[in-house]
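Undergrad: Would you be able to build a 3D model of this:
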Amino acid sequence: MFEVRNRFEGGHSRDKLYLAIGRTSITPPMVRNDDEAAAPPQKKAKLSVATVKHSNSSNSGGDQTRVGGGLAAFGFSSSKFAPPQQRKASIAETVKSTLVPTSAASTTASTTDGTTDNTNSGGVSFLPTLRPGELMYSTKSESARKRNWVRHNPNKSRDVRRSYCSTDGSSTGWHAAVFVGANSSEARVRAMWKDHQGSNNVGAEAFGFALGVSTLPADCADCVFLADFLNALAWDVGGAKYKHPAIVQAFDLVKATRKANGFKANGFGSKSNCTWSHCHHPGHKTDDSFFTMLNQVADNMASCQVEVDMTVSLEVLKKLTVQGKGAVDKCKLVIQEQLESE
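TA: Model (predicted):
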């Protein structure tokens, strides 16, 4: 008699395998998380049990139990023992993309989902590699979960080797862009008004993105675009369609700017080192991350309703991240001081 039971608690699998031959029964050790001490393997049977790492962005520390020797002989598929999100994958895909040899788990398990890259300082990959069908990123897990073309990126840190441009738009028609170049300690801040043709903040967000693209130096071939409005980025990568005249006008400007600089409309152009990424990051956050700083400045500049084109140090840029009551007045004061000092 051969019986397999599987139950799930709190999103983690707890597999129990019972093999009964005569009166002999064996229970493999319970799978534990990385921060728990795993129980020693049972040695009463020849049926081997090995714990291996698998790539899973929602539970990167989870383990799977792989049973060798007995399942195929009894006609059971190994996919029955995989977590729910992997059950649809074939056995070959599971072995190829999610299972890592036990001997290498400690050094390579974190690289299978793209979150570790030893070529970067500190061993951290700031943006994981997009998988087939994925077009952009989001720091919000729910936004990524709802869209199979969006990959979750929890890292909001700066990679100094890349440029960053954050954009925002307001229902007033005012929109803004903040650009920080690679290895730079300065930021270019721009804000202006444009008729959004009744589209409210949606059209302004599109014009904000167009302003950001025009703010990039002509030879900038590596940039991460940030926005708190996901569609402002999705329109650029083809994840969402648009037809409002204001949005059409905005992305005609985007295409014209890129063409003038030698790039194709979608950002992947004739320059071999062109790498433009898009990452949605929700606004009005209170953490001190680099993404939040750029987003908040773009939001404040659009709210100030003052036409601006200035270059400031990153230290001054932090002063423009204020939130709450009086934030607009404080930002206007910083702007005035900077313009007077130039």
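
Undergrad: Tell me which stretches of the stretch 101-250 of the chain form helices.
TA: Along the stretch 101-250 of the chain, the segments classed as helices by DSSP state H, counting those that start in this stretch run 105-108, 141-146, 201-215, 230-237, 245-260.

Undergrad: could I get the second one in PDB with only the CA atoms?
TA: Think helix 141-146. The C-alpha coordinates for helix 141-146 follow below in PDB (Å, rounded to 0.1, in the frame of the first residue of the first chain):
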ATOM      1  CA  SER A 141       4.000  42.900  -4.800                       C
ATOM      2  CA  GLU A 142       0.300  43.100  -5.400                       C
ATOM      3  CA  SER A 143       0.700  45.100  -8.600                       C
ATOM      4  CA  ALA A 144       3.100  42.400  -9.900                       C
ATOM      5  CA  ARG A 145       0.900  39.600  -8.700                       C
ATOM      6  CA  LYS A 146      -2.100  40.900 -10.700                       C
END
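
Undergrad: any idea how far residue 259 is from residue 224?
TA: The span separating residue 259 from residue 224 equals 21 Å under the rule Cβ to Cβ, to the nearest Å. For glycine as for every other residue, the C-beta is placed from the backbone atoms N, C-alpha and C.

Undergrad: Check residue 231 too.
TA: Using Cβ to Cβ, residue 231 is found at 17 Å from residue 224.

Undergrad: returning to what we had before: of residue 259 and residue 224, which one has the most company?
TA: It is residue 224, of residue 259 and residue 224, that has more neighbours when counted by other Cβ atoms under 10 Å, with 22 against 12.

Undergrad: May I have the beta-bridge partners of the more buried one?
TA: Note on residue 224: beta-bridge partners by DSSP bridges are residue 164, residue 277.

Undergrad: Wait, it touches residue 161, no?
TA: No - using Cβ atoms under 8 Å, residue 224 is not in contact with residue 161, being 10.8 Å away.

Undergrad: Show me how this protein divides into domains.
TA: With domains defined by automatic domain parsing, the chain comprises 2-109, 163-341.

Undergrad: looking at it, residue 225 is touching residue 168, isn't it?
TA: No - Residue 225 lies out of contact with residue 168 (Cβ under 8 Å); the separation is 11.8 Å.

Undergrad: Give me the more crowded residue out of those two.
TA: Neighbour count, other Cβ under 10 Å: between residue 225 and residue 168, residue 168 has more, with 33 against 25.
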